[in-house]
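K.L.:
need a structure here:
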Amino acid sequence: MILSDLDDTQLQTTAGEDTNKEKILREMTKAKVCFGHSVSRLHPRMKPFISSVKNTQTIIDLEKTYDLLLKAKEFFKKLKEEGGTVLFANINPATNDITEEAAKKTNNPYITNRWIGGFLTNFEVISKRIAYFNDLKKKAETGELEKYTKKEQLKFKEELKELEEIFGGVKDVNKLPNAIFVIDARIHHYAVKEAQKTNIPIIALVNTDNDPTGINYPIPASDLHRTSVEFITKFITE
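P.N.:
Numbers count the residues shown, from 1 in each chain. Here you go, the predicted structure:
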């Protein structure tokens with residue numbers, strides 16, 4: 001279709017979409033989404049997402065990131081409309097607070113300290129540990145643990161603290177999530193493998209040292225900059 005074939009309404013829509021895309025691309029540039037790792041760390045399967053190299057640092061093609069970002073956002077939106085659950089995972093201390101905040105705002109579970117091995121592939125066993133944690137927490141809140149000796153109470157207190165760090169973000173989970181959203185597929189390779197084994201769709205920020213194979217909704221973007229992680233996370237969830 002050539003430009004002269006479009007009516008005024010179509011022209012306005014096209015122009016509006018182009019303007020919005022340009023705005024988002026500018027925002028991504030400002031957020032440093034384009035900065036990948038050095039060439040020496042480039043994963044071969046990430047080459048199609050690279051636009052250039054500057055001083056040995058790979059530069060991500062933001063046009064491609066934009067297209068994939070929209071697909072991930074649409075998938076997330078559809079899941080939420082259908083009442084689905086997305087498990088957020090980010091075990092990087094530098095940015096995991098961004099993930100936790102986004103999960104809470106969208107009423108989704110999260111894992112931010114360390115990946116819980118078997119959470120997806122051995123959920124039946126993990127769910128029993130979550131139930132135990134919730135029961136112990138309830139007993140502590142109602143004062144039921146006060147009947148034990150001080151030494152026993154201290155032991156329960158330490159156990160509860162440890163369980164809170166592990167299961168605090170998934171305490172309300174009683175079934176497998178409909179999808180997972182991870183920041184950096186490489187450091188979350190165990191989570192990715194578990195999701196693949198259980199056929200759970202994966203949304204993932206993938207930097208240039210990641211392998212995007214098997215990721216349903218890969219988003220080429222920098223995990224080196226907090227602003228990049230924040231932009232990607234907010235764009236998908238808002």
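K.L.:
need the next SSE after the helix or strand of the chain with the lowest mean pLDDT, C-terminal direction.
P.N.:
The least trusted helix or strand in the chain, going by mean pLDDT, DSSP states H and E, turns out to be helix 8-30, with a mean of 72. Reading on from helix 8-30 to the C-terminus, the next helix or strand found by DSSP states H and E is strand 35-38.
K.L.:
helices or strands up against that following strand?
P.N.:
strand 57-60 (3 or more Cβ pairs under 8 Å, 6 or more residues apart in numbering; DSSP states H and E). In short, each C-beta sits where N, CA and C put it, glycine included.
K.L.:
where in this protein is pLDDT low?
P.N.:
1-17 (pLDDT under 70).
K.L.:
Tell me where this protein has strands.
P.N.:
35-38, 50-54, 57-60, 86-89, 110-111, 179-183, 202-206, 217-220 (DSSP state E).
K.L.:
could these go into a markdown table alongside distance to K78?
P.N.:
What follows is the strands of the chain, written out as a markdown table (distance: least, Cβ to Cβ, whole Å):
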| stretch | distance to K78 |
| --- | --- |
| strand 35-38 | 29 |
| strand 50-54 | 30 |
| strand 57-60 | 26 |
| strand 86-89 | 11 |
| strand 110-111 | 20 |
| strand 179-183 | 10 |
| strand 202-206 | 12 |
| strand 217-220 | 12 |
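K.L.:
Which among these is found nearest to V173?
P.N.:
strand 86-89 (7.8 Å; Cβ to Cβ).
K.L.:
Neighbouring strands - and their directions - for that closest one?
P.N.:
According to DSSP bridges, strand 86-89 forms sheet pairs with strand 110-111 (parallel), strand 179-183 (parallel).
K.L.:
Out of those, which one sits most buried?
P.N.:
Each of these was assessed for mean neighbour count using mean count of other Cβ atoms under 10 Å. The highest is strand 179-183, with a mean of 26.
K.L.:
ok, residues contacting that strand?
P.N.:
The contact list for strand 179-183, computed with Cβ atoms under 8 Å, 6 or more residues apart in numbering, reads 75-76, 79, 84-90, 92, 95-96, 99, 120, 188, 191-192, 195, 200-205, 223, 229, 232-233, 236.
K.L.:
What sits closest to G214 if chain neighbours are left out?
P.N.:
Distances taken as Cβ to Cβ, 6 or more residues apart in numbering place Q196 nearest to G214, at 5.2 Å, with adjacent residues excluded.
K.L.:
my guess is the one you found meets I215, correct?
P.N.:
No: Q196 lies out of contact with I215 (Cβ atoms under 8 Å); the separation is 9.0 Å.
K.L.:
more neighbours, the two?
P.N.:
Neighbour count, other Cβ atoms under 10 Å: between Q196 and I215, I215 has more, with 21 against 17.
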